[in-house]
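# here's my sequence, what's the structure:
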Amino acid sequence: MERSSIEPFIKGVVPDSFCLCEGIGETCQYHEQEEEVDSYKTRHITCSCSECSSSSGGWIENFIIYNRPKSQIHQFHLPRSVKPLIVLFVKKIYIQNIFLLYVDNKYDKYYTRENRMSKFMVTVIVVLVTIGAAMSLYGEIRTVDYDYRHNGAVLQGYFAYDDAIKGKRPGVLIIHEWTGLGDYVKRRARELAEEGYVAFAMDMYGKGIRPITPQEAGAQATIYRSNRQLMRERAAVSLGQLKTHRLTDPARVAAIGYCFGGGAALELARSGVDLSGVVSFHGNLDTPNPNDGGNIKAKVLVLHGADDPHVSKESIEGFHQEMRDAGVDWQMVYYSDAVHSFTNPDSGNDKSRGAAYNEKADKRSHRAMIDFFNEIFK
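Here you go, the predicted structure:
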């Protein structure tokens with residue numbers, strides 16, 4: 001358990017020990033995650049060692065919430081079972097800037113920034129928050145940058161899920177555009193998590209490889225478009241990461257992709273992997289070997305800009321024939337006045353460039369995907 005990276009934030013503010021075992025337990029797990037909402041950030045560490053578990057009745061999560069402009073920090077320990085309620089409570093009071101609370105492992109000390117608060121008053125507040133939480137449908141979206149490997153290459157994907165949902169749920173693999181894993185597909189992952197799925201935005205290119213210019217993006221995309229086997233294998237390894245996630249129902253998994261990723265999602269299906277469905281948003285439709293369409297086990301949905309100049313008429317007709325010949329359950333939806341990359345606001349609004357955002361097509365295609373998921377994940 002590495003503590004050095006986080007100690008500077010809490011030195012002199014809260015006790016040194018993160019948990020009862022002080023990081024030396026055999027099953028003590030150091031996990032640091034950071035997320036930001038408005039003016040606060042959160043980091044947390046988990047510990048499941050026998051000493052901590054026996055004293056708290058389960059996992060201990062130590063949350064450190066701090067506001068960088070004001071350099072305000074606090075930490076508290078809590079059993080995993082009550083964590084969502086307390087976190088909701090602390091977020092509320094922190095944003096209102098009323099006080100900062102520290103609760104130690106044994107729940108016998110309560111502190112505010114100014115003075116000690118009685119256990120009774122904290123109990124009353126937590127009860128009120130519990131009632132509010134029970135009336136709320138809001139769940140907290142968890143996101144994790146996740147490292148994994150393929151053929152020696154280190155990849156870094158991005159998981160997103162709603163931790164308020166109990167049990168396993170369908171999983172969705174997201175394959176990025178030609179610019180690599182970035183903010184756009186991460187946002188799409190969070191949106192899918194809000195819909196109740198486990199979303200995993202995969203990394204096709206490799207950790208740290210994030211093209212900036214169109215020339216760089218084209219060079220990276222060409223590596224995989226010219227080697228469809230490599231593209232399929234990397235997508236399949238990423239799919240495996242999603243299927244083995246503790247919250248994913250491996251029997252209900254789909255793959256989606258945008259632009260370059262839409263073509264990659266179709267290639268993954270052509271490899272014959274077990275998928276419930278595949279969705280391509282303004283993606284490439286061509287493939288070197290159309291006979292591979294016979295390997296497709298998934299239902300296929302293609303969401304396409306009717307005026308997309310980057311996908312030729314021949315490519316579209318060839319895709320239609322491939323699907324018919326293979327007997328695939330497929331559908332293709334065209335969106336009027338939409339060109340390439342119509343779901344991404346960063347594409348701008350100049351259609352003459354061949355790629356532009358279309359809000360109406362974006363919303364309609366997203367709804368079509370959700371309806372498709374409702375069908376295949378019954």
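# how about the helices in this protein?
7-10, 50-56, 83-96, 119-135, 183-194, 214-225, 228-243, 260-270, 313-326, 359-376 (DSSP state H).
# and the shortest one, average pLDDT?
Across helix 7-10, the average pLDDT comes to 35.
# for the chain, where's the lowest mean pLDDT among helices and strands?
strand 110-111 (a mean of 30; mean pLDDT, DSSP states H and E).
# and the residue nearest to Gly182 when sequence neighbours are not counted, how far from Gly180?
Once flanking residues are discounted, Gly182 sits nearest to Arg210: 6.4 Å by CB to CB, 6 or more residues apart in numbering. In short, each C-beta sits where N, CA and C put it, glycine included. Arg210 is 5 Å from Gly180, where distance means CB to CB, to the nearest Å.
# quick one, which of those two is more surrounded?
Neighbours per residue, other CB atoms under 10 Å: of Arg210 and Gly180, the larger number sits with Gly180, 22 against 17.
# wait, doesn't that one sit right on Gly208?
No - counting by CB atoms under 8 Å, Gly180 stays clear of Gly208, with 9.6 Å between them.
# outline the domain layout of the chain.
7-135, 141-376 (automatic domain parsing).
# hey, least reliable of these by pLDDT?
Minimum mean pLDDT among the domains of the chain: domain 7-135, a mean of 40.
# residues in contact with Arg188?
174, 199, 201, 258 (CB atoms under 8 Å, 6 or more residues apart in numbering).
# could you redo the last one with a cut-off of 6 Å?
The contact partners of Arg188, taken as CB atoms under 6 Å, 6 or more residues apart in numbering, are Ile174.
# ok, now Ala298?
Ala298 neighbours (CB under 6 Å, 6+ apart): 269, 275, 277-278.
# could you redo the last one with a cut-off of 8 Å?
Contacts of Ala298 by CB under 8 Å, 6+ apart are 254-255, 269, 275-278.
# repeat for His366
Per CB under 8 Å, 6+ apart, neighbours of His366: 191, 343.
# ok, Asn284 next?
With CB under 8 Å, 6+ apart, Asn284 has these contacts: 225, 259-260, 262-263, 266, 310-311, 315.
# for the residues you listed, which one is nearest Glu194?
Nearest to Glu194 among these is Gly262, at 21.8 Å by CB to CB.
# what's the closest non-adjacent residue to the closest one?
Gly283 (1.8 Å).
# need the contact list for the one you found.
Per CB under 8 Å, 6+ apart, neighbours of Gly283: 257-266, 302.
# ok, and for stretch 336-354, which residues are buried?
Of the residues in stretch 336-354, 338-344, 347, 351 count as buried by neighbour count, 16 or more other CB atoms under 10 Å.
# go on, stretch 242-252?
242-243, 245, 247-249, 252.
# endpoint to endpoint, that stretch covers what distance?
For stretch 242-252, the first and last residues are 11 Å from each other (CA to CA, to the nearest Å).
# among the buried residues of stretch 336-354, which one lies nearest to Asn291?
His340 (27.4 Å).
# confirm for me that the closest one is in contact with His304.
No - His340 is not in contact with His304 according to CB under 8 Å; the separation is 9.6 Å.
# common neighbours of those two, please.
With CB under 8 Å, 6+ apart, His340 and His304 have common neighbours 282, 311.
# one step back: return a PyMOL selection command for the buried portion of the contacts of Asn284.
To isolate the buried ones among the contacts of Asn284 in PyMOL, judged by 16+ other CB under 10 Å, type:
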select buried, resi 225+259+260+262+263+266+311
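# mind putting the contacts of Asn284 into TSV with distance to Pro170?
Listed next are those as TSV, based on distance: CB to CB, whole Å:
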residue	distance to Pro170
Arg225	29
Cys259	24
Phe260	24
Gly262	20
Gly263	23
Leu266	20
His310	31
Val311	28
Ser315	30
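# out of the contacts of Asn284, the closest to Ile165 would be?
When these are compared against Ile165 (criterion: CB to CB), the nearest one is Gly262, at 27.5 Å.
# do you know how far the closest one is from Ile174?
Taken as CB to CB, the span from Gly262 to Ile174 is 11 Å.
# what is in contact with the two at once?
With CB under 8 Å, 6+ apart, Gly262 and Ile174 have common neighbours Ile256.
# surely Phe377 and Thr248 touch.
No - counting by CB under 8 Å, Phe377 sits too far from Thr248 to count as a contact (11.9 Å).
# overlap in contacts of these two?
With CB under 8 Å, 6+ apart as the test, Phe377 and Thr248 both reach Pro170.
# check which residues of stretch 291-302 are buried.
Buried-residue list, stretch 291-302, by 16+ other CB under 10 Å: 292-293, 296, 298-302.
# tabulate the CA atom coordinates of it in PDB.
The C-alpha coordinates for stretch 291-302 follow below in PDB (Å, rounded to 0.1, in the frame of the first residue of the first chain):
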ATOM      1  CA  ASN A 291     -17.700 -13.700 -46.200                       C
ATOM      2  CA  ASP A 292     -16.800 -13.100 -42.600                       C
ATOM      3  CA  GLY A 293     -20.300 -11.700 -42.200                       C
ATOM      4  CA  GLY A 294     -21.300 -15.400 -41.800                       C
ATOM      5  CA  ASN A 295     -19.500 -15.400 -38.400                       C
ATOM      6  CA  ILE A 296     -21.800 -12.700 -36.900                       C
ATOM      7  CA  LYS A 297     -23.900 -13.900 -34.000                       C
ATOM      8  CA  ALA A 298     -25.100 -10.500 -32.900                       C
ATOM      9  CA  LYS A 299     -27.900  -8.300 -34.000                       C
ATOM     10  CA  VAL A 300     -26.600  -5.300 -35.900                       C
ATOM     11  CA  LEU A 301     -27.800  -1.700 -35.900                       C
ATOM     12  CA  VAL A 302     -26.100   0.900 -38.100                       C
END
